[in-house]
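1. test case, fold it:
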Amino acid sequence: MPGKQLPRRICSRPFGKDELKIVRNIVGDGQDEGIHRSEIARRVCIALHWRNARGDLKEMGARVALLRLHRQGWIALPEPRNCNGNGGGAARLARAAVPQPPASEIRVSLAQLGAVRLQQVENKADSLLWDGLIDRYHYLGHVPLSGAQIRYLIHADRGVIGAIGFGAAAFALKARDRWIGWDRRQRDQRRERTLNNRRFLIPPWIRVANLPSHVLSMAARQVQADFPARYGYAPLLLETFVEQDRFTGGCYRAANWIDVGRTAGRGRNDRTSHLERIRHGAPLAIKRIWLYPLRRDARKRLCAPLCSVGEEA
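-> Residues are numbered from 1 along each chain as shown. Below you'll find the model as predicted:
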């Protein structure tokens, strides 16, 4: 039996033993037919109605979710046909492409650093570089972003100076949902309009005052244009988590993000009882929850009837 518990939700839809059986049947049929993993993900999306707000199949999110189920032992996917970001060869290429720390720290002003720009990750070389930067220098390392996602390499006159990426929002956050005014039904319908800043990296040798908050402000503006072009609908809110025992979240505060509370230390699949939490503490690190509304009326739109939000791109 797999060592981890079965996820309760995947791609914003309930997931349990019945859904797992459907996935296993599709994977089994796919192996008999010799089809590749992406086609299996497409068929699973159709069978389980994994679609976004525009009605498109959530194929990227499905591929990440199926890979996670595969690694946890719930399903057995066919071998990948091509070397990709999940394979050892790609990981070695990614590490080789990552810039090495210079002999001394770069300590300049933001003006001296030169023009900063965000380059959307759109090809394999950039993807490998982004993955490698995060894997080598981010304290959480690299894991595939889930759901609808968008990634950027951060450039300046000196070259690549960091990476930032957005993916699917958390399923449930008490402080976030209270700030928005969501009930459970509204959250299930609107969660795709929220993006999670899952990774943000400025390499440790770059010491430029105000650079992180400057990048966050740039990213908030750019994602509003780039995300609808890719997925056909506009995000309304950004969220992120900051480990309170490790970081202060000062760059988010400087970029006008809002600190709305903290997490309970529970993962999306955590099922510890209240008594266990009292005895042993939270299973995960406690994090501060920061939000950034992309429109003044973001909360109103996130709580509006579904048809109203669907008409606005």
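2. now Pro293. Its backbone dihedrals?
-> Note on Pro293: its backbone torsions stand at phi -70, psi 130 [degrees, to the nearest 10].
3. brain fart, Ser109
-> Per degrees, to the nearest 10, the backbone of Ser109 is at phi -80, psi 170.
4. I'd say it and Ala209 touch.
-> Yes: counting by CB atoms under 8 Å, Ser109 touches Ala209, with 6.8 Å between them. All C-beta spots, glycine's among them, are computed from the backbone N, C-alpha and C.
5. what about Val195, which SS state?
-> For residue 195 the amino acid is Leu, not Val. strand (DSSP: H, G, I helix; E, B strand; the rest coil).
6. identify the residue nearest Glu39 in space, chain neighbours excluded?
-> Gly30 (6.7 Å; CB to CB, 6 or more residues apart in numbering).
7. surely the one you found is in a helix?
-> Yes: membership of Gly30 in a helix is supported by three-state DSSP.
8. measure how buried it is and give me the count.
-> The number of residues packed near Gly30 is 19, by other CB atoms under 10 Å.
9. please tell me how far it sits from Ile75.
-> Here Gly30 is placed at a distance of 11 Å from Ile75 (CB to CB, to the nearest Å).
10. do Ile154 as well
-> Ile154 is 36 Å from Ile75, by CB to CB.
11. which residues touch the nearest residue to Arg117 once chain neighbours are set aside?
-> Using CB to CB, 6+ apart and skipping the chain neighbours, the partner closest in space to Arg117 is His155 (5.1 Å). By CB atoms under 8 Å, 6 or more residues apart in numbering, the contact list for His155 reads Val116, Arg117, Leu118, Gln119, Ile161.
12. Ala175 contacts Ile289, correct?
-> Yes: taking contacts as CB under 8 Å, Ala175 lies within contact range of Ile289: 5.1 Å.
13. re the thing from before, out of the contacts of His155, who's nearest Pro228?
-> Nearest to Pro228 among the contacts of His155, counting by CB to CB, is Leu118 at 16.1 Å.
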